[in-house]
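> coords below, sequence missing:
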């Protein structure tokens, strides 16, 4: 793996310093950054034989002679809000938010042929947590959203992925994005180079909650060509290369190849059971098939499952759902106003804090 060498060329030394510091702070061991305030000093640097992966250069300083040097990819820094390509070279708006500019720089790696890069500063191992229910409407999305908030409140970096055909997570509202989960699955399927870095360019951050998420694609058929081997590759990238403390999957209620792959590779499965009789009946049927499903995956599925009773209207022992395991079961009260989930101090969120602490305790005892 190689670091990405970047040359920033701009007469404004304050601009080059600010952009360089941002890239170094946010992608410390990803980018090797050099700054130049003039073309002549740049040419002297390039003439010494130094190879540059990406050059960002102010449109007024661009010189066609630069193409003769060892520069794999050139990007024009434009002062116009619209892209004004110069000599067929892609232009970026130089004064946009630094995080957006960094994503566009990473996306340009497709034009850097024959090199594989890695975000060397993202070496933490993420815990993969699947939130599942055999019954629709049991409140999986509520559990994912609020559990994710507990991670974020404690300063943990958490990524939320909706694997449902129709997502209920608030942050996935709005216009569908062309680049999101659908595109990531396509990249996995086609075994794209630099997949880890491309993942970083697709993820967005919810400013209100500090949680990260992948925008949803444009239709519910996005999973139809994905098989178990594709999901295995994705799960490994999310676990070892994504740089998150935890990845939470909002699962579909069906049992299919994708769901089974996530079951197999996740560290913990949170099984959400609602108080109504239908949810309990479907859960009973699911529990009876745990051994069969586990055997098909060559794992003990029940051993990494935590049962969570959701939408509890009272806290009596009679309301705790039946379980075939001795595992402690968390109880989450009924939340009758979904909009109140946007309030970090809503009383019921204490239940999700307890759930987080339970998961963290399992981790301490090497259950995860």
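Arrived safely, thanks for sending. Please read all numbers here as calculations on a predicted model, not as lab measurements.
> For the spatially closest residue to residue 95 that is not a sequence neighbour, grab the count of nearby residues.
Distances taken as Cβ to Cβ, 6 or more residues apart in numbering put residue 79 closest to residue 95, at 7.0 Å, once the chain neighbours are dropped. In short, each C-beta sits where N, CA and C put it, glycine included. When neighbours are counted by other Cβ atoms under 10 Å, residue 79 registers 12.
> just residue 288 next, same as before
10.
> ok, the residue nearest to residue 95 to residue 266 distance?
47 Å (Cβ to Cβ, to the nearest Å).
> one step back: you'd agree the residue nearest to residue 95 is up against residue 91?
No. Residue 79 lies out of contact with residue 91 (Cβ atoms under 8 Å); the separation is 9.9 Å.
> Could you tell me which residues touch both of the two?
residue 59 (Cβ atoms under 8 Å, 6 or more residues apart in numbering).
> Now do the helices in this protein.
With helices called from DSSP state H, the chain shows them at 13-26, 39-47, 98-107, 140-153, 181-189, 195-202, 228-240, 257-265, 277-288, 290-297, 349-364.
> So which bits of the third one are buried?
What it means is helix 98-107. 101, 102, 103, 105, 106, 107 (16 or more other Cβ atoms under 10 Å).
> So which of the residues you listed is the closest to residue 358?
residue 103 (35.6 Å; Cβ to Cβ).
> Which residue is the nearest non-sequential neighbour of that closest one?
Nearest to residue 103 is residue 201, by Cβ to Cβ, 6+ apart, at 4.5 Å.
> And the one you found, how close does it get to residue 160?
Distance, residue 201 to residue 160, by Cβ to Cβ: 17 Å.
> returning to that earlier point: pLDDT and distance to residue 206 added to the buried residues of helix 98-107, as CSV?
Formatted as CSV, those follow (pLDDT from 0 to 100; distance: Cβ to Cβ, whole Å):
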residue, pLDDT, distance to residue 206
101, 85, 20
102, 82, 18
103, 77, 16
105, 82, 23
106, 76, 20
107, 72, 21
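> quick one: which of these is nearest to residue 332?
Distances from residue 332 to the buried residues of helix 98-107, taken by Cβ to Cβ, are shortest for residue 103, at 35.7 Å.
> Tell me, how many residues neighbour residue 36?
Neighbour count for residue 36, taken as other Cβ under 10 Å: 22.
> what separates it from residue 195, distance-wise?
Taken as Cβ to Cβ, the span from residue 36 to residue 195 is 31 Å.
> Please apply the same query to residue 92.
23 Å.
> What of residue 270?
Taking Cβ to Cβ, one finds residue 270 at 27 Å from residue 195.
> Of these two, which one has the most company?
residue 270 (26 against 18).
> So what sits opposite the more buried one in the bridge?
residue 131, residue 306 (DSSP bridges).
> got the domain boundaries for the chain?
The chain is divided into the following domains under automatic domain parsing: 4-111, 127-364.
> And those, which one averages the lowest pLDDT?
Comparing mean pLDDT across these, the weakest is domain 127-364, with a mean of 80.
> Verify the stated contact: residue 185 with residue 227.
No. Shown here, residue 185 and residue 227 do not form a contact pair, counting by Cβ under 8 Å, at 10.8 Å.
> out of the two, which sits in the busier spot?
Taking neighbours as other Cβ under 10 Å, residue 185 and residue 227 compare with residue 185 leading, 21 against 12.
> Contacts only, for residue 332.
139, 142, 143, 308, 309, 310, 311, 312, 348, 351, 352, 355.
> Now which of these would you call buried?
139, 142, 143, 308, 309, 310, 311, 312, 351, 352, 355.
> Kindly check the end-to-end length of stretch 3-13 for me.
Stretch 3-13 has an end-to-end distance of 24 Å (criterion: Cα to Cα, to the nearest Å).
> Other residues contacting that stretch?
Residues from elsewhere that reach stretch 3-13 (Cβ under 8 Å, 6+ apart): 16, 19-20, 23, 29-39, 42, 45, 50-58, 60-61, 71, 77, 94, 105, 109, 112, 117, 120.
> just to revisit the earlier point, pick out whichever of the buried ones among the contacts of residue 332 sits closest to residue 167.
Using Cβ to Cβ, these come closest to residue 167 at residue 142, 12.6 Å.
> For residue 312, see how far away the closest residue to residue 138 other than its chain neighbours is.
Of all residues not flanking residue 138 in the chain, residue 274 sits nearest, at 4.1 Å (Cβ to Cβ, 6+ apart). According to Cβ to Cβ, residue 274 and residue 312 sit 9 Å apart.
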